[in-house]
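A.B. asks: 3D, please:
(4 chains)
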2 protein chains.
Amino acid sequence: MPYRRTPAVQARLDALRAGILAAATAQIAEHGYAGCIVAAVARRAGVATGTVYRHFPAKADLLAEVFRSVVTREVAAVAEAARRPTGTLTERITAVVETFAGRALKAPRLAYALLAEPVDPAVDTERLAFREAFRDVIATAVAEGVRTGHLPPQNARLTAAALVGAIGEALVGPLAAGTPDVDTLPALVTFSLRALGVPDAHP
Amino acid sequence: MPYRRTPAVQARLDALRAGILAAATAQIAEHGYAGCIVAAVARRAGVATGTVYRHFPAKADLLAEVFRSVVTREVAAVAEAARRPTGTLTERITAVVETFAGRALKAPRLAYALLAEPVDPAVDTERLAFREAFRDVIATAVAEGVRTGHLPPQNARLTAAALVGAIGEALVGPLAAGTPDVDTLPALVTFSLRALGVPDAHP
DNA sequence: GCAAGCAATGAACCACGGTTCACCACTTGT
DNA sequence: ACAAGTGGTGAACCGTGGTTCATTGCTTGC
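C.D. replies: Now for the predicted structure:
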């Protein structure tokens, strides 16, 4: 058999695949899911349309992988903020909210796509997973707060889901308008602290 | 000129138009925006495809009008709950949350379409208006609470937006699963009361 | 009745965008 | 250098679904 895939070739293939993934991510970040046309992604990645299908079985798979990679990164950032052992409970919650919201405000279109924009079922699964991942990170922290008595008793999962929704919705306005609005973040932090039942949440 | 539109004919036209609107609403309520195909709406209304275009210039206009009519109804229900002059502030907030969430849980697919499902720009405008209308109803009540000293100082608009998002998100799970879950509503009420800073929110 | 319009019809048209595939260029092992 | 096989190409294909329009069947005023 006069052909065997060389490490150098494999590296080039991997790079190309990663390039397509990056192009799709950038395309979504700029034009949303609706504007993420395979031909446009290919052009952006500097390859032909057909090449995309040499690396991904279908558009849905490509997008699912994009979502998965972005979500992994975002959830990791928030989880890291939640895990930070220093500081009071209030400081930790503040860090989580600011991380979540701050990152979203830096990449509005992408955040919108992840939070709200409709897609096909295959990708919706990923989005669901995304929100669940965030919810679970927050729910864990809430449950711990309840256990240690820093927070009043509550349904941690529901509270966490509501918080994810609250932050997401509160951001949609600012995301839609181009107005970051410095007041948004502190107000969201206050809202979150109060909603969780932190005593003395009066900034 | 041997033809003039008679009142009876006008009535039939109006009824037909209303029927198409109702069919589109029902179609969205059952299959969401994605499943709302013009041909299906027409079949459901008992007319031919082309007839739809005799009453609406384009699909986007039809859908926009559907959204507007549903939203008007929903916002009115919530506004009515908010306006109810009897009872304490806590009771009023409870009524608003239960009205909002309770109605959504009764028509899950429709609620999902209104809250989250992606559509084309023309309709997105309506959805934005929808969320803003709810937000404003709540914001008004919050502002009043702040003014009378029943609530701590806060950015009423942002708080209200966050509440809309919180309720919406907390409902998405139950909406997706078929599980109404009797615990959801009370938990949401508690969350809302705490988030607003109502003193003594410990059910 | 009958001419003049209007509303309804639904098959045909068309644009869009995902997917395919016959072809070309290049790499590898001998 | 060459045979065997791989990766890249992009024009063409195809399904979907919104929109149109020539035709048909009613209504109205005379």
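
A.B. asks: backbone torsions only: list them for A:Cys36.
C.D. replies: phi -90, psi 80 (degrees, to the nearest 10).

A.B. asks: per-residue confidence averaged over the longest helix belonging to chain A?
C.D. replies: When secondary structure is assigned using DSSP state H, the longest helix within chain A turns out to be helix A:121-147. Per-residue pLDDT values across helix A:121-147 average out to 87.

A.B. asks: A:Leu89 contacts A:Val198, correct?
C.D. replies: Yes: distance between A:Leu89 and A:Val198: 6.9 Å, which falls inside the contact criterion (CB atoms under 8 Å). Bear in mind the C-beta positions are built from the backbone N, C-alpha and C, glycine included.

A.B. asks: overlap in contacts, those two.
C.D. replies: Taking CB atoms under 8 Å, 6 or more residues apart in numbering or on different chains as the criterion, A:Leu89 and A:Val198 both touch A:150-151.

A.B. asks: any idea how many residues pack against the residue in chain A positioned nearest to DNA strand D?
C.D. replies: Distances from chain A to DNA strand D, computed as CB to the nearest atom of the strand, single out A:Gly50 as the nearest residue at 1.7 Å. Burial of A:Gly50, expressed as a neighbour count using other CB atoms under 10 Å in any protein chain shown, amounts to 9.

A.B. asks: which residues does A:Ala166 contact?
C.D. replies: Listed by CB under 8 Å, 6+ apart, the contact partners of A:Ala166 are A:188, A:191-192, A:195, B:162-163, B:165-166, B:169, B:195.

A.B. asks: also A:Gly35?
C.D. replies: A:Gly35 is in contact with A:27-28, counting by CB under 8 Å, 6+ apart.

A.B. asks: could you look up the SS state of it?
C.D. replies: Reducing the assignment to helix, strand or coil with DSSP: H, G, I helix; E, B strand; the rest coil, the entry for A:Gly35 is coil.

A.B. asks: distance of it from chain B?
C.D. replies: Counting by CB to the nearest CB, to the nearest Å, the gap from A:Gly35 to chain B is 12 Å.

A.B. asks: try A:Leu16
C.D. replies: 30 Å.

A.B. asks: so that residue touches A:Ala48, yeah?
C.D. replies: No: with contacts counted by CB under 8 Å, A:Leu16 stays clear of A:Ala48, the gap being 11.4 Å.

A.B. asks: can you give me the neighbour number for A:Tyr53?
C.D. replies: Neighbours of A:Tyr53 under the rule other CB under 10 Å: 14.

A.B. asks: same deal with A:Ala40?
C.D. replies: Neighbouring residues of A:Ala40 were enumerated by other CB under 10 Å; the total is 16.

A.B. asks: excluding chain neighbours, what is closest to A:Gly168?
C.D. replies: Distances taken as CB to CB, 6 or more residues apart in numbering or on different chains place A:Leu115 nearest to A:Gly168, at 4.7 Å, with adjacent residues excluded.

A.B. asks: meant to ask about A:Ala26, not that
C.D. replies: A:Arg44 (6.7 Å).

A.B. asks: the one you found and B:Glu80, how far apart?
C.D. replies: According to CB to CB, to the nearest Å, A:Arg44 and B:Glu80 sit 51 Å apart.

A.B. asks: more neighbours: those two, which one.
C.D. replies: Here A:Arg44 and B:Glu80 are compared on neighbour count by other CB under 10 Å; more neighbours surround A:Arg44, at 16 against 13.

A.B. asks: chain center to the helix or strand of chain A with the lowest mean pLDDT: distance?
C.D. replies: Taking all helices and strands of chain A together, the one with the lowest average confidence (mean pLDDT, DSSP states H and E) is helix A:108-115, at a mean of 83. Chain-centre distance of helix A:108-115: 8 Å, with CA atoms, centre = their mean, to the nearest Å.

A.B. asks: and that helix with helix A:121-147, angle?
C.D. replies: Calculated by axes from the mean of the first three to the mean of the last three CA atoms, to 10 degrees, helix A:108-115 forms an angle of 90 degrees with helix A:121-147.

A.B. asks: contacts for helix A:108-115?
C.D. replies: Under the contact criterion CB under 8 Å, 6+ apart, helix A:108-115 has outside partners A:25, A:28-33, A:67, A:70-71, A:74, A:103-105, A:127, A:130-131, A:168, A:171-172, A:174-176.

A.B. asks: residues in contact with the helix or strand hosting A:Leu188?
C.D. replies: Secondary structure here is read from DSSP states H and E; on that basis A:Leu188 sits in helix A:184-196. Contacts of helix A:184-196 from elsewhere in the structure, counted by CB under 8 Å, 6+ apart, are A:90, A:93-94, A:97-98, A:101-102, A:105, A:142, A:145, A:151, A:154, A:159, A:162-163, A:166-167, A:170-171, A:174, A:201, A:203, B:154-155, B:158-159, B:162, B:166, B:191, B:194-197.

A.B. asks: of A:Leu16 and A:Ala48, who's got more company?
C.D. replies: A side-by-side neighbour count of A:Leu16 and A:Ala48, using other CB under 10 Å, places A:Leu16 first with 17 against 12.
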